[in-house]
Every structure is written in C-alpha cells, then in structure tokens.
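A.B. asks: My questions concern the predicted model and sequence given below.
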Amino acid sequence: MAHLIFGDQTRPLGLGVLSIGSGVEATWRIREPDLLRLHALVMSDVSSGTATISRANVDADIRVNGESLTGEPYRLQPGDTIVMASSHEFRFVSEAPLSVTGTGTGWLRDARRDRIYAIGQDATTIGREAGSTVLVQEPEVHKVHARLEREGDAIRLLPEVGALMLLNGNKVERATRLSDGDAIGIGRTVLWFTVDPPVRRALETAIAMRSNHYTRHVPTGKLGVVERREEREVRQRRTWQRAITGIALLLLLGLGGVLAWRYGLIAPLLQYLD
C-alpha cells in the first residue's frame, strides 16, 4: 500500500480522498501558517498502489520533484518528493517503511470514510486530536480516545479513562487483545481490525458504493461524502434551533400582551404614547 511521509508522520493511502491542510476540515491537518486550510488533495488507487495529487485551492503552492503543480492532477511515482508552500516536504512511497510495518501485521479500516491505517511499531492513537494516528472528528470522541499497542505478535486495544467504545458490540473498559475481524465502535465510526491488508474487502465495498452512486461526488469535492453529510446535519440542527427560538420568542411576546391586557396596562401605555 502506498504511503505519504512527512517528517516523522506516515499516512497510508486508502480508498477515497486524503485532504491536506492547516484547517480542521483537512483529513491530515498540519498546523503551519503558510499552508492553506485545504492545500492538497491526494486520490489513491489501492488496486494499483498509485495515487494522484492536485491543488485543493487555486492559490495552493505545490511542487513535485521541483516542478510546480498546475491545474491537472499529477500521477505520483514511488520516491517522488512533494513540497507544499515554502518548505514542507512530503515523500511518496509504494510500501510502508519499516518503522510502520514493524515485525507483526495489523490494519484498521474506517468503514465510514473508507480509510485504511497500518498499525505501526509505536503506539497508535485513536481520537479527534489533529495529531492522532487514526483521526475521528466527532463530538463524542475524546482528543485521545484509545491506543493500540503491540505485545509480541499481538495487538492490544487500550481505551482511555472515561472513553466509551465497543468491541464487537460489547463495552470495552480494559486492555483487550484484538483478533482478526474485530469491529471497534467509537462514536458513529466503526474500525475493522485485520491482520492482512484489507484491500480486497475495501475494493468490494467500493464497487458496491459506486453502484449506489456513493463515490461519484468524492473526486470533485474538497470534502468527502461523510464530511458533507455531517455539515448538512449541522446546518439542519441550526435551522431547527433558530425556528424553536423564534417560536419561543413569539410565545413570550404573546404571553406578555395577554398579561398587559389582563392587568389593564395597555390603555395607560397608549395614552403615554399619544
């Protein structure tokens, strides 16, 4: 599976679009002042191990191997060097580096966003904090919700104190050894654990989603389908809140008018205004 390397951070490229930028809407958030909120979009093809990169904004400065990126998506080759803004250097590789693959095998697949994560030799963090290995930006998710740690050839799931999560439908409160096919539930997200790269399963899901017109909007949008749906839900909640607030104000005004009439306050008020 192809990976992007930035400093000491490594991101596997699963199905869908990986957005890079300094804003909270970016899938890979890098807090640098010269990066745009949405700076780059990386579209991967897990079947061939290739990926393309394009600008998320016409003002985004992206150079691949020293050449400035124009409007057309650029097909990345293993070993390509990508520089964003002034000096933020990324490297595209076709295989996970040794520090990520480690001695054992383990993968997490985000079933909602169709992202695949390799579990590295170091501890893997799951949460809504920008630096989390597995980023789940949902209000009910803690900044650091859980960790995955290696114990020999096994991988253990360690929930943080007070973090609510499920493993195969059962609540998890202590360190638990994972088995192939386990489903980890965090907020509205399900993370599937496999000991082999879940490429075949992801491809089958992608084919099914394409038949339902699920992924047709992904390449043309700056955010994925899930993110756009969540934004729509937020707008709907705000609309309902405003409507309820307006109705409450009308009721209060009506009640005030009734009380004023009941206690004879309207006639003196009219005389005062005259």
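C.D. replies: That came through, no problem. Nothing here was measured: the structure is a model prediction, and the numbers come from that model.
A.B. asks: contacts, neighbours, all on C-alpha from now
C.D. replies: OK.
A.B. asks: Stretch 150-157: end-to-end distance?
C.D. replies: 9 Å (C-alpha to C-alpha, to the nearest Å).
A.B. asks: what kind of secondary structure is the closest residue to T81 other than its chain neighbours in?
C.D. replies: The spatial neighbour of T81 that comes closest, neighbours along the chain excluded (C-alpha to C-alpha, 6 or more residues apart in numbering), is R91 at 4.7 Å. Under DSSP: H, G, I helix; E, B strand; the rest coil, the three-state class of R91 is strand.
A.B. asks: what's the spacing between R91 and T176?
C.D. replies: R91 is 35 Å from T176, by C-alpha to C-alpha.
A.B. asks: Look at these two and report which has more neighbours.
C.D. replies: R91 (20 against 14; other C-alpha atoms under 10 Å).
A.B. asks: who touches that one in this structure?
C.D. replies: 4-6, 79-82 (C-alpha atoms under 8 Å, 6 or more residues apart in numbering).
A.B. asks: Which of the residues you listed are buried? Put it as a ChimeraX command.
C.D. replies: Those of the contacts of R91 that count as buried under 16 or more other C-alpha atoms under 10 Å are selected in ChimeraX with:
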select :4,5,80,81,82
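A.B. asks: Out of the contacts of R91, which is nearest to M43?
C.D. replies: L4 (11.8 Å; C-alpha to C-alpha).
A.B. asks: Mind listing the residues bridging to the closest one?
C.D. replies: Listed beta-bridge partners, L4: R11, F92 (assigned using DSSP bridges).
A.B. asks: which residues touch the residue nearest to the spatial centre of the chain?
C.D. replies: With distances taken as C-alpha atoms, centre = their mean, the residue of the chain nearest its centroid is T27 (4.9 Å). Applying C-alpha under 8 Å, 6+ apart to T27 gives the contacts 18-21, 135.
A.B. asks: Correct me if wrong: E32 contacts S22.
C.D. replies: Yes: the pair E32 / S22 is scored as a contact, 6.2 Å apart, by C-alpha atoms under 8 Å.
A.B. asks: Of the two, give the one with the bigger neighbour count.
C.D. replies: Just comparing E32 and S22: by other C-alpha under 10 Å the higher neighbour count belongs to S22, 20 against 13.
A.B. asks: could I get the contacts of R91 as JSON lines with pLDDT and secondary structure?
C.D. replies: Formatted as JSON lines, the contacts of R91 follow (pLDDT from 0 to 100; DSSP: H, G, I helix; E, B strand; the rest coil):
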{"residue": "L4", "pLDDT": "85", "secondary structure": "strand"}
{"residue": "I5", "pLDDT": "85", "secondary structure": "strand"}
{"residue": "F6", "pLDDT": "86", "secondary structure": "strand"}
{"residue": "G79", "pLDDT": "88", "secondary structure": "coil"}
{"residue": "D80", "pLDDT": "91", "secondary structure": "coil"}
{"residue": "T81", "pLDDT": "93", "secondary structure": "strand"}
{"residue": "I82", "pLDDT": "93", "secondary structure": "strand"}
